[in-house]
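Chemist: pasting the structure only:
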């Protein structure tokens, strides 16, 4: 029998009697007419399980109740089922509305306190929709810098930009806490997060260029997470204050199609070393290598590592990523891993863009970054198979 459809309806009440002056109460559950008994979305351990096929009909690729996950530089924290029913105890006892007004916070804004002179030292940037970047807390003086940087990376230009209006009293609280930027969005022309073939590298450069400029003004990525619906696949980056880098250098490694690796904006020696390392460590060998466009090298691997379903293929694909990390972060290279960003391209699915930053002189001297002897070269690459040796000989 089909699962009952549950919907949330909010109403104002006071002692269960409607009153226009009463505070909003927790949501009531409205059940569509159906003969099946009610089953909570968050199941009790003893409750009968509902198979995905029951929730999705003939589709097995989507889930009716998506799971959000938080990721920080590759770590995943999944939100699993909670032992509860239709609403939590807090929801039943609370008279506040969801987090869309100041009343939700008991008259308090969730942002940290400000001394009234300095701005909040954090801001976030979310990859949104098919062509939008959404910022929260970005100081207004940095907006022209963002627009100029996007135009450099994305030749098709900016469609529009502007603040996003939300609840007036919450906006007032945000500004009083030093968050002068509020919510501000930039929408690019065309679909930069679902680009055509000729624009795919430029799409990645939007992120790389922005990170470089933020580093120049003294803001670094501290956290990357995704709390959006699972089918959106997009990420949010949180930035905090850091020492400005007068000459920032960022590079990216992207995985494309079923068998491609792109090396984007790498310094010549680092890019060459990375290419040689991939040739040596990919067990099936590299089919060919070419310049896809200026400052972007494309390697096509033999086999289909990014879509492999056999154990050997899966392990090999993960191992080549470890090899890339090891190669770039050796202390003699002078790079550190910043994080990964999921741009959720239609063709790429959830394949990430790996981002690396060149260390400042002070950071290199500290010896706190990378691995290996800073005065020694990276050990010479040794091919792991005959196919790898043949690739290195090309």
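Modeler: Right, received. Where do you want to start? All values derive from a computational prediction rather than experimental measurement.
Chemist: low-confidence ranges in the stretch 251-394 of the chain?
Modeler: Residues of the stretch 251-394 of the chain meeting the criterion pLDDT under 70: 344-350.
Chemist: Can you show me the helices along it?
Modeler: For the stretch 251-394 of the chain, the helices defined by DSSP state H, counting those that start in this stretch occupy 268-281, 311-328, 361-366, 386-393.
Chemist: what about residue 164, neighbour count?
Modeler: Applying other Cβ atoms under 10 Å, we find 12 residues neighbouring residue 164. Just so you know, the C-beta spots here come from the backbone N, C-alpha and C atoms, and that holds for glycine as well.
Chemist: Which residue, other than its chain neighbours, is closest to it?
Modeler: Sequence neighbours aside, residue 183 is the residue nearest to residue 164 in space, at 4.0 Å (criterion: Cβ to Cβ, 6 or more residues apart in numbering).
Chemist: Tell me which of the helices of the stretch 251-394 of the chain is the most buried.
Modeler: helix 268-281 (a mean of 18; mean count of other Cβ atoms under 10 Å).
Chemist: about what we covered before: tabulate the helices of the stretch 251-394 of the chain in JSON lines, adding columns for distance to residue 339.
Modeler: Converted to JSON lines, the helices of the stretch 251-394 of the chain look like this (distance: least, Cβ to Cβ, whole Å):
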{"stretch": "helix 268-281", "distance to residue 339": "18"}
{"stretch": "helix 311-328", "distance to residue 339": "12"}
{"stretch": "helix 361-366", "distance to residue 339": "16"}
{"stretch": "helix 386-393", "distance to residue 339": "29"}
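Chemist: of all those helices, which lies closest to residue 249?
Modeler: helix 268-281 (9.5 Å; Cβ to Cβ).
Chemist: by contact count, what packs against that closest one?
Modeler: Where contact means 3 or more Cβ pairs under 8 Å, 6 or more residues apart in numbering; DSSP states H and E, helix 268-281 is packed against strand 250-256, strand 260-264, strand 286-293, strand 296-301, helix 311-328, helix 386-393.
Chemist: need these in CSV with distance to residue 355, can you?
Modeler: Formatted as CSV, the helices and strands packed on helix 268-281 follow (distance: least, Cβ to Cβ, whole Å):
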stretch, distance to residue 355
strand 250-256, 5
strand 260-264, 10
strand 286-293, 18
strand 296-301, 15
helix 311-328, 11
helix 386-393, 26
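Chemist: among these, which is nearest residue 371?
Modeler: Using Cβ to Cβ, the nearest of those to residue 371 is helix 311-328, at 7.5 Å.
Chemist: report the angle between the axes of that closest one and strand 260-264?
Modeler: Orientation of helix 311-328 against strand 260-264 (axes from the mean of the first three to the mean of the last three Cα atoms, to 10 degrees) gives an angle of 10 degrees.
Chemist: between helix 311-328 and helix 268-281, how big is the angle?
Modeler: Using the same axes, to 10 degrees, the direction of helix 311-328 lies 150 degrees away from that of helix 268-281.
Chemist: Contacts for helix 311-328, please.
Modeler: 253, 270, 273-274, 277-278, 281-284, 301, 303-306, 308, 333, 335, 337, 354, 356, 371, 378 (Cβ atoms under 8 Å, 6 or more residues apart in numbering).
Chemist: do the same with stretch 184-191
Modeler: For stretch 184-191, contacts defined as Cβ under 8 Å, 6+ apart pick out 128-135, 138, 140, 143, 146-147, 150, 154, 156-164, 196, 199, 206.
Chemist: and it, which residues are buried?
Modeler: 184-188, 191 (16 or more other Cβ atoms under 10 Å).
Chemist: on that earlier part again, buried subset of the contacts of helix 311-328 as a PyMOL selection?
Modeler: Applying 16+ other Cβ under 10 Å to the contacts of helix 311-328, the buried members can be selected in PyMOL as follows:
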select buried, resi 253+270+273+274+277+278+281+282+283+284+301+303+305+306+308+333+335+337+354+356+378
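Chemist: before we move on, the earlier item: are any of the contacts of stretch 184-191 buried, and if so which?
Modeler: Using 16+ other Cβ under 10 Å, the buried members of the contacts of stretch 184-191 are 128, 131-135, 138, 143, 146, 150, 154, 158, 161, 199, 206.
Chemist: Kindly indicate which of the residues you listed lies nearest residue 216.
Modeler: Nearest to residue 216 among the buried ones among the contacts of stretch 184-191, with distances taken as Cβ to Cβ, is residue 146, at 12.4 Å.
Chemist: If you count contacts, what does the helix or strand hosting the closest one end up packed against?
Modeler: Following DSSP states H and E, one finds residue 146 within helix 143-153. In terms of contacts (3+ Cβ pairs under 8 Å, 6+ apart), helix 143-153 is packed against strand 132-136, strand 158-163, strand 183-188, helix 200-216.
Chemist: Much appreciated, bye for now.
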